[in-house]
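S.K.: next comes the sequence, and after it the predicted model I'd like to discuss.
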Amino acid sequence: MQRLQVVLGHLPGGRAQPRPSPCSGFSGSFRSAAVGNPEDVVVVHGRRTPIGKAKRGGFKDTSPDELLSAVMTAVLKDLNLKPELLGDICVGNVLQPGAGAPLARIAQFLSGIPETVPLSAVNRLCSSGLQAVINIAALGEGTLAQSKMWILLAGGIRNGSYDIGLACGVESMSRREQELGDFSPRIVDCDKAQDCLIPMGITSENVAERFGVSRQKQDEFALASQYKASRAHMMGWFKSEIVPVTTTISDDQGNQKTITVHQDEGIRPGTTLEGLAKLKPAFKEGGSTTAGNSSQVSDGAAAVLLAKRSKASQLGLPVLAVLKSFAVVGVPPDVMGIGPAYAIPVALEKAGLTVGDIDVFEINEAFASQILAQVPKQVPEDVLGPGVSLQAVYCVEKLGIPIEKVNPCGGAIALGHPLGCTGARQIVTLLNELKRRGKSAYGVVSMCIGTGMGAAAVFEYSGN
C-alpha cells in the first residue's frame, strides 16, 4: 500500500509553537549491540504483571507492594541471580505518598532482597517507570561534557557506583487516586502554573481541538489498539513477559476467594467502531475524548534488570538490549500530550539515529488524540482489522512515524495505564516484541507527562 507521510515544520493552530526545553541523558558512542562495548548499560531481563482493571478487576484488593514483589521475585528467579549482588533498586510510583518509598522497601524484603541493597523511589508522573530505569542506568540529566560532575553527584551503572541494578514501576489505582496537594495562592497570577492543574482529559481535548484530531480518528485509533492487543494476546505474544499473580479478591458481600490473574484485563476483542461512537464525551460537553479512546485506569507492576555489559558477561547473564540514549523535554502544560513529539527527536539525535532507523515505537496511549497528533499515516487494513481505514492526520512535529511501527501489540487504550508502572512495562513489551521478531533492531519508548513534559529512550536489540 502506498504510504502517505505529511511532515509539518510548525504546529498548526492559533498558538505559538511550543519551544521544548530538553534535559537529555548521556548517549554512548554509536556502535552495534553485537560488537559489545564492555561499558555499555544493558537490559538483562524484564517481567511484568498482568494489567488489572482498577477497582473492579483481579487486583482491586491487592496492595501495590505485593504486585511489586511479584515482578522483583520473578526477575531474580528467572536469572537465578543472588539478590545481594544488586547494587541499587529504584521504583517509580505516582499515587502513593513519597513516591511509594516505604511500600517499595517493603516489597524488596518480601522478595527476599537483603537490607544491604539500597532503594530509592521516583515520581515523574507517567514516565516514573522509565525514570527508574534511567536512574539505575544513571544516564543522568546532563551531557557528556558534564560527566565528571555527574560521576561525583550521581550514582548508577554508567557512573561506576555499581554494576547491576533493578528498576521497577508499580501502581495500584484501585487503592489510590490522584491528589493535587498544597499550592501557593500565587498560582492565580501565573497562567502556566494554573495550567499544571488542568485535568488530563481536558489537555486531550485541547490537543484534539488545537491540532484538528477528530472524534472519528480517535475512535479508529482506539479500535486499532484493541485489535492489536487482542491479536497479541491470542497469539500468545505476552506470555513470556507476564508473571501470573495469585491473590485474594472480595465480593460485595465480603466473601473472599483466591484467584490467579494470568492475563491483561482491559483487552476488549469485541470492540467495534459503532460501539465506540456511542460513548459520550468523558471530560467536556461536546468533546471528543471518551472512555473508549483514552487509557484505562489500571493496576500493575513491572521490573527491569540492568547491568554493565562486562558484569553481565562475568555473571553469565544474557544481554537483551543496550540502552542507547534518553531525553526528557518540557512542553506547554495545557497540551502536555504532545511531549513525545519533542522528546523522541532529541533521544534519536543523541543515539545518532533517525526515525527511519527505528523498528518499533512504544508510545504511551494516554489519549488517542495525543498519539494521532504525532503519527501521520494511512493505516494498512492488516493493522486495524478488516474494513477499517484511518485517514492521514497531521503531525505536531517532524516525526513522520509509519503507523504500523507504533505499538504493534496495542497500547494503554487496550492494555491499561497503571501510572508508575507504564514506563517499565513499555520497555518489557518493546524488548519482548523485538526478541520475538528475532532480528537486530532499534526501539523507542516514549510517553507524555502531566504538567507538560515528554520523555523518550532508545534501545538497541542485537538479535537472537
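M.R.: Perfect, thanks for sending it. Residues are numbered from 1 along each chain as shown.
S.K.: pLDDT weak spots in the stretch 351-464 of the chain?
M.R.: 373-398 (pLDDT under 70).
S.K.: pull the longest helix from the chain.
M.R.: When the chain is parsed with DSSP state H, its longest helix is helix 215-234.
S.K.: buried stuff in that helix?
M.R.: For helix 215-234, a neighbour-count test (16 or more other C-beta atoms under 10 Å) marks 215, 217-233 as buried. C-betas here are computed from N, CA, C, even on glycine.
S.K.: out of everything not next to it in sequence, what's closest to A414?
M.R.: What sits nearest to A414 in space, not counting adjacent residues and going by C-beta to C-beta, 6 or more residues apart in numbering, is A229, at 3.6 Å.
S.K.: correct me if wrong: the one you found contacts P408.
M.R.: No. Contact criterion C-beta atoms under 8 Å: A229 and P408 do not qualify, at 9.9 Å.
S.K.: tell me which stretches of the protein form strands.
M.R.: 23-24, 41-48, 52-53, 88-92, 119-122, 164-172, 245-250, 256-261, 298-308, 321-330, 360-363, 441-449, 453-461 (DSSP state E).
S.K.: out of these, which gets nearest to A101?
M.R.: strand 119-122 (3.9 Å; C-beta to C-beta).
S.K.: helices or strands next to that closest one in the packing?
M.R.: strand 88-92, helix 101-110, helix 128-137 (3 or more C-beta pairs under 8 Å, 6 or more residues apart in numbering; DSSP states H and E).
S.K.: could you dump these to a markdown table with distance to E66, mean pLDDT and mean neighbour count?
M.R.: Output for the helices and strands packed on strand 119-122, formatted as a markdown table (distance: least, C-beta to C-beta, whole Å; pLDDT from 0 to 100; neighbours: other C-beta atoms under 10 Å):
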| stretch | distance to E66 | mean pLDDT | mean neighbour count |
| --- | --- | --- | --- |
| strand 88-92 | 14 | 98 | 29 |
| helix 101-110 | 7 | 98 | 21 |
| helix 128-137 | 18 | 98 | 30 |
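S.K.: returning to what we had before: who touches the residue nearest to A414 in this structure?
M.R.: Counting by C-beta atoms under 8 Å, 6 or more residues apart in numbering, A229 touches 264, 267, 409-411, 414-415.
S.K.: try it again at 6 Å.
M.R.: 267, 410, 414-415 (C-beta atoms under 6 Å, 6 or more residues apart in numbering).
S.K.: relative to A222, how far out is it?
M.R.: Note on A229: its distance to A222, by C-beta to C-beta, to the nearest Å, is 11 Å.
S.K.: swap in E171?
M.R.: For E171, the distance to A222 - C-beta to C-beta - is 22 Å.
S.K.: check I249 too.
M.R.: In terms of C-beta to C-beta, I249 sits 28 Å off from A222.
S.K.: ok, G423 to R268 distance?
M.R.: Counting by C-beta to C-beta, the separation of G423 from R268 is 24 Å.
S.K.: out of these two, which sits in the busier spot?
M.R.: Comparing G423 with R268 by other C-beta atoms under 10 Å, the one with more neighbours is G423, at 31 against 19.
S.K.: in a markdown table: the helices and strands packed on strand 119-122, plus distance to P185.
M.R.: Shown next, in a markdown table, are the helices and strands packed on strand 119-122 (distance: least, C-beta to C-beta, whole Å):
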| stretch | distance to P185 |
| --- | --- |
| strand 88-92 | 31 |
| helix 101-110 | 29 |
| helix 128-137 | 29 |
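S.K.: and T73, which of those is closest to it?
M.R.: Minimum separation from T73 across the helices and strands packed on strand 119-122 (C-beta to C-beta) falls at helix 101-110, 8.1 Å.
S.K.: by how many degrees do that closest one and strand 164-172 diverge?
M.R.: 120 degrees (axes from the mean of the first three to the mean of the last three C-alpha atoms, to 10 degrees).
S.K.: can you list contacts of stretch 439-450?
M.R.: Counting by C-beta under 6 Å, 6+ apart, 125-127, 336-337, 339-340, 343-344, 357-364, 366, 370, 426-427, 430, 434, 454-463 sit against stretch 439-450.
S.K.: so how do I select the buried members of those in PyMOL?
M.R.: To isolate the buried ones among the contacts of stretch 439-450 in PyMOL, judged by 16+ other C-beta under 10 Å, type:
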select buried, resi 125+126+127+336+337+339+340+343+344+358+359+360+361+362+363+364+366+370+426+427+430+434+454+455+456+457+458+459+460+461+462
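S.K.: which residues touch G410?
M.R.: With C-beta under 6 Å, 6+ apart, G410 has these contacts: 225, 228-229.
S.K.: related to what we said a few turns ago, among the strands of the chain, which comes closest to F238?
M.R.: The nearest among the strands of the chain, by C-beta to C-beta, is strand 41-48 at 8.8 Å.
S.K.: for that closest one, packing partners?
M.R.: If you count contacts as 3 or more C-beta pairs under 6 Å, 6 or more residues apart in numbering; DSSP states H and E, strand 41-48 packs onto helix 64-79, strand 298-308, helix 309-315, strand 321-330, helix 422-437.
S.K.: how far off centre is that strand?
M.R.: 14 Å (C-alpha atoms, centre = their mean, to the nearest Å).
S.K.: can you give me the angle that strand makes with strand 164-172?
M.R.: Going by the same axes, to 10 degrees, strand 41-48 makes 30 degrees with strand 164-172.
S.K.: what comes into contact with strand 41-48?
M.R.: Against strand 41-48 from outside (C-beta under 6 Å, 6+ apart): 71, 74-75, 79, 137, 157-158, 241, 243, 302-307, 309, 312, 317, 319-323, 425, 428.
S.K.: please pick the buried ones from these.
M.R.: Judged by 16+ other C-beta under 10 Å, buried ones among the contacts of strand 41-48: 71, 74-75, 79, 137, 157-158, 241, 243, 302-307, 309, 312, 317, 319-323, 425, 428.
S.K.: skip the chain neighbours and tell me the closest residue to M72.
M.R.: S111 (4.0 Å).
S.K.: can you pull the contacts of the one you found?
M.R.: Here S111 is in contact with 69, 72-73 (C-beta under 6 Å, 6+ apart).
S.K.: can we see that at 8 Å?
M.R.: Contacts for S111 (C-beta under 8 Å, 6+ apart) come out as 69, 72-73, 76, 83.
S.K.: can you list phi and psi of it for me?
M.R.: phi -90, psi 0 (degrees, to the nearest 10).
S.K.: state the pLDDT value of it.
M.R.: On the pLDDT scale, S111 is placed at 98.
S.K.: look up how far Q96 lies from it.
M.R.: In terms of C-beta to C-beta, S111 sits 18 Å off from Q96.
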